[in-house]
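In: could you look at this predicted model? Sequence included:
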Amino acid sequence: MQLSVWTYEGPPHVGAMRVATGMEGMHYLLHAPQGDTYADLLFTMIERRGKRPPVTYTTFQARDLGKDTAQLFQDAAADCLQRFKPDALMVGASCTAELIQDDPAGLAEAMRLDCPVIPLELPSYQRKENWGASESFYQIVRKLADKGVKPSGPAGGRPSVNILGPTALGFRHRDDIIEVEKILTKLGIDVNCVAPLGATPQDISKIGEADFNIVLYPEIGEEAARWLEREFHQPAVRVVPIGVNATREFIRAVAALAGVDPSSALDDSDSRMPWWSRSVDSTYLTGKRVFVFGDATHAVAAARIAVEELGFELCGLGCYNREFARDVRAAAQNYGLEPLITDDHLKVEQAIAEASPELVLGTQMERHIAKRLGMPCAVISAPVHVQDFPARHSPQMGFEGANVIFDTWVHPLVMGLEEHLLAMFRDDFEFSDSAGPSHLAAHAPQQPANDSAGPSLSPSQALTDSSLWTAEAESELKKIPFFVRGKARRNTEAFAAQEGRDEIDLATLYDAKAYYAR
């Protein structure tokens, strides 16, 4: 175990909470100490859900450890059934409660409760959140799916499909479902069940009625899809429709399994990303170096969009969930890169700093890293903070999702250019820091003329030794756009050290530029 101030995934019981919270009529009885109730805030404060998660904690305390904590669990089980009257009950232990080995599954079975019970064995010290969500959903499907139900088949009717994988606290899952359902409607395909998000235990019991499955989020839905393939002979579409090219590939794959004509969904006039990415204004983006890191599904999809649809150059690709590292390794090999598979954010920060990309695509953690390094960043994957659970419709999937992605990725670069232009003219009387906003010029605060504080350094500049630089060279360096200025500074300092120069003047700066331009 490694002590860390930040982690990409929580323990597996948080994954189970995401599944339970996404469903209707499901309740989760969690054997946990008082301190583990913090997880509620992930849903009420971060995701901004209108109600608290359907979770009952046994909340044992230190003084309870000398008593019968098993009885405490059984009392909590009886109370939650009487109070909430769930259609099904998940039972498990948190990482802390796992140490006292009370066996919640066995205790619940011995009580012979009058609702279906889904026991969860989630090894907290070997696995993490996404695996916990996947295992929980798999166990729910195994327990509740009615094996007497079979796909009815089109037979003159419309084909039907299950959408597997979306959960509570998922990155844009709510909006992605809307876009995917629009595509299915155009293809004339009915949705039998969306699960776990929005599904009831009764919906899960009829999951076998669909003709095939769509695995939208493999990290969560893949294990259940494999079981359904074995037990119900339901084939699955595993193309994730993130990006224009992937969406078209998804439509063709779905249409092939359903036996329908894909043309109605392929002919989409609402997709503006292809034209915008080919427009004159977007030539500014061509060849920009990007570093991609996140969960495997979103990282691989983002890499494909960056290279195929926006003309970016990929300089780094990685993921934090080792269970899907094979997909990232295969993608990285296609792009001629060495994949970064780690859940240590310090290693990710080091890799980003060494690659010096012009845009970082990652999680909330990479947003912080990029901010420290003075680089533009866009969030493409969980874990995310409150600003990436917008009230507005903001999908990642489908043609509208591609439009959202274009805006999200391009705006940091375009705003970076604008910021660079403002920085270039900062010594002009109209744009200087002392002038303040032009529309408030009459009230702008004035700095004293003898203010010798000097210009503030960006985070990337603060990381290097500015005492080597002459004032003239430092001034010239500021003319370089801020989002590549850090790389220019590091390259120049490396060149000066290599050449044995004690001072970086204008000549050294230009010599370094010529050296690295070869």
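Out: Thanks, I have it. Just so it is clear, the structure is predicted and the values come from calculations on it, not from any experiment. Numbers count the residues shown, from 1 in each chain.
In: quick one, what contacts the residue most central in space within the chain?
Out: The centroid of the chain falls nearest to Ser381 when counting by CA atoms, centre = their mean (1.5 Å). Contacts for Ser381 were tallied using CB atoms under 8 Å, 6 or more residues apart in numbering; they are 171, 293-295, 298-299, 302, 362-363. All C-beta spots, glycine's among them, are computed from the backbone N, C-alpha and C.
In: select from these every entry located in helices.
Out: If you go by DSSP state H, the contacts of Ser381 have 298-299, 302 in helices.
In: if we can go back for a sec, relative to Arg142, which of the contacts of Ser381 is nearest.
Out: Asp295 (24.3 Å; CB to CB).
In: thinking again about what came up before, which of the ones in helices among the contacts of Ser381 lies closest to Asn130?
Out: Using CB to CB, those come closest to Asn130 at His298, 11.8 Å.
In: pretty sure that closest one sits against Ile380.
Out: Yes. If you go by CB atoms under 8 Å, His298 and Ile380 touch, sitting 5.2 Å apart.
In: neighbour-wise, which of those two wins?
Out: Ile380 (30 against 26; other CB atoms under 10 Å).
In: circling back to that earlier point, now the ones in helices among the contacts of Ser381 as a markdown table including distance to Arg329 and pLDDT?
Out: What follows is the ones in helices among the contacts of Ser381, written out as a markdown table (distance: CB to CB, whole Å; pLDDT from 0 to 100):
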| residue | distance to Arg329 | pLDDT |
| --- | --- | --- |
| His298 | 16 | 97 |
| Ala299 | 11 | 98 |
| Ala302 | 16 | 98 |
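In: of all those residues, which comes closest to Met397?
Out: Closest to Met397, out of all of the ones in helices among the contacts of Ser381 and judged by CB to CB, is His298, at 10.5 Å.
In: secondary structure class for His13?
Out: helix (DSSP: H, G, I helix; E, B strand; the rest coil).
In: now Ile118
Out: strand.
In: tell me the pLDDT at it?
Out: Here, the pLDDT recorded for Ile118 equals 95.
In: that one and Asn130, how far apart?
Out: For Ile118, the distance to Asn130 (CB to CB, to the nearest Å) stands at 18 Å.
In: elements contacting the helix or strand where Gln350 lies?
Out: Per DSSP states H and E: Gln350 is located in helix 345-355. On a contact count with 3 or more CB pairs under 8 Å, 6 or more residues apart in numbering; DSSP states H and E, helix 345-355 meets strand 289-294, strand 313-319, strand 340-341, helix 364-373.
In: not counting the first one itself, show me its contacts.
Out: Among residues not part of strand 289-294, those counted as contacts by CB under 8 Å, 6+ apart are 299, 302-303, 306, 312-320, 340, 348, 351-352, 355-363, 366, 380-382.
In: of those residues, just the buried ones, PyMOL syntax please.
Out: Buried members of the contacts of strand 289-294, defined by 16 or more other CB atoms under 10 Å, are picked up in PyMOL with:
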select buried, resi 299+302+303+306+312+314+315+316+317+318+319+320+340+348+351+352+355+356+357+358+359+360+361+362+363+366+380+381+382
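In: what sits closest to Val386 if chain neighbours are left out?
Out: Ile46 (5.4 Å; CB to CB, 6 or more residues apart in numbering).
In: err, Val328, not the other one
Out: Cys319 (4.6 Å).
In: over to Leu310?
Out: That would be Ser277: by CB to CB, 6+ apart, it lies 5.3 Å from Leu310.
In: would you confirm that that neighbour contacts Asn403?
Out: No. With contact defined as CB under 8 Å, Ser277 does not reach Asn403; the gap is 10.8 Å.
In: what about these two, which has more around it?
Out: More crowded of Ser277 and Asn403, by other CB under 10 Å: Ser277, with 21 against 17.
In: wasn't the more buried one part of a strand?
Out: No. Counting by three-state DSSP, Ser277 falls outside a strand, being helix.
In: show the pLDDT at it.
Out: 71.
In: list the contacts of it.
Out: 285, 309-311, 406.
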